[in-house]
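# Give me the fold of what follows.
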Amino acid sequence: MKMTIGLSIILAAGLMACGKAPKIQSGTTVGTTQSGNVDPNNPGMDPTATGMLTCSLTDGKQYKGFGNVNLVAGRPTEVAKDGDRFRVKPYTSLSGEYTRVMGAVPASLTANAATFAAAPERWYVTTEASAVTLFTSYRVAYEAGLALAGSDSKYAAAPTESTATENCTTFARQAWNRLPSVDEVNACKNVALVVTAAETDIKARWAYTLASVLTAAGFLAY
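As a prediction, this is how the structure comes out:
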């Protein structure tokens with residue numbers, strides 16, 4: 001049953017990942033806006049934003065080669081545009097992301113470092129997703145969700161239309177650093193109210209629901 005639920009949740013997470021990314025101004029945290037304003041007609045979009053989020057050469061780590069030559073010198077500033085906005089977060093950032101959202105790092109994340117192509121301290125290529133990393137991400141997210149559901153009283157009772165709406169909206173906003181759309185909230189609620197309806201363990205139902213949010217592009221990509 002867990003395999004069936006897991007596959008259903010990954011499909012639900014795929015629904016949450018659809019659509020173009022919002023135009024967001026660069027801030028101290030990727031996905032946040034400098035003004036903090038939100039356009040009600042475009043959840044996640046800063047109405048004062050004038051351009052897409054960019055990544056300049058000064059934003060990241062500088063790599064030096066032989067002769068102290070900067071290996072990224074001459075590379076143009078990258079501009080994130082529409083559907084090409086998301087990149088898979090590298091393994092090195094996932095522990096910090098889980099701590100930010102869940103308050104702790106799941107043990108299975110560390111155990112699966114090789115699955116996420118954890119890179120040594122040297123130059124390496126951009127992280128890419130695969131079926132293996134996606135399913136492993138779901139397993140890690142379920143572990144984290146189960147721990148949170150067991151410690152937070154708002155997950156003590158079985159999901160209802162009201163609690164599923166509230167918890168999906170609140171948790172997705174925290175995990176993705178933006179307001180979820182109506183369709184994204186509905187996809188999350190579908191996991192809580194339909195996909196996991198046969199699950200008798202209330203904490204497990206909420207864990208599956210939270211895992212669907214943590215397996216979406218809003219959390220696994222930037």
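# just the helices in this protein please.
Along the chain, counting by DSSP state H, helices occupy 2-16, 91-102, 107-111, 131-151, 161-176, 182-190, 202-214, 217-220.
# Which one of those lies nearest to Y63?
Each of these was scored for nearness to Y63 using C-beta to C-beta, and the closest is helix 91-102 (14.6 Å). All C-beta spots, glycine's among them, are computed from the backbone N, C-alpha and C.
# Please enumerate residues in contact with the closest one?
Contact partners of helix 91-102, identified using C-beta atoms under 8 Å, 6 or more residues apart in numbering, comprise 89, 104-106, 109-110, 113, 116-119, 127, 140, 144-145, 147-148, 174-175, 214, 219.
# Mind checking which of the residues you listed are buried?
Buried members of the contacts of helix 91-102, counted by 16 or more other C-beta atoms under 10 Å: 89, 105-106, 109, 116, 127, 140, 144-145, 147-148, 175, 214, 219.
# quick one: which of these is nearest R205?
G145 (10.0 Å).
# F135 versus the residue nearest to N167 when sequence neighbours are not counted, what's the distance?
Residue nearest to N167 in three dimensions, not counting chain neighbours: K154, with 6.4 Å by C-beta to C-beta, 6 or more residues apart in numbering. Separation of K154 from F135 (C-beta to C-beta, to the nearest Å): 28 Å.
# got it, and S93?
Distance, S93 to F135, using C-beta to C-beta: 20 Å.
# same thing with P159?
P159 sits 24 Å away from F135, taking C-beta to C-beta as the criterion.
# Out of these two, name the residue with the larger neighbour count.
In this view P159 and F135 are compared by other C-beta atoms under 10 Å, and P159 has more residues nearby, 21 against 16.
# tell me the contacts of the residue nearest to that one when sequence neighbours are not counted?
With sequence-adjacent residues excluded and distances taken as C-beta to C-beta, 6+ apart, P159 is closest to A192, at 4.0 Å. The neighbourhood of A192, defined by C-beta under 8 Å, 6+ apart, consists of P159, A164, N167, C168, R205, W206, Y208, T209.
# If we use 10 Å, what do you get?
A192 makes contact with 158-161, 163-165, 167-168, 205-206, 208-210, 212, according to C-beta atoms under 10 Å, 6 or more residues apart in numbering.
# I'm done for today, thanks for sticking with me.
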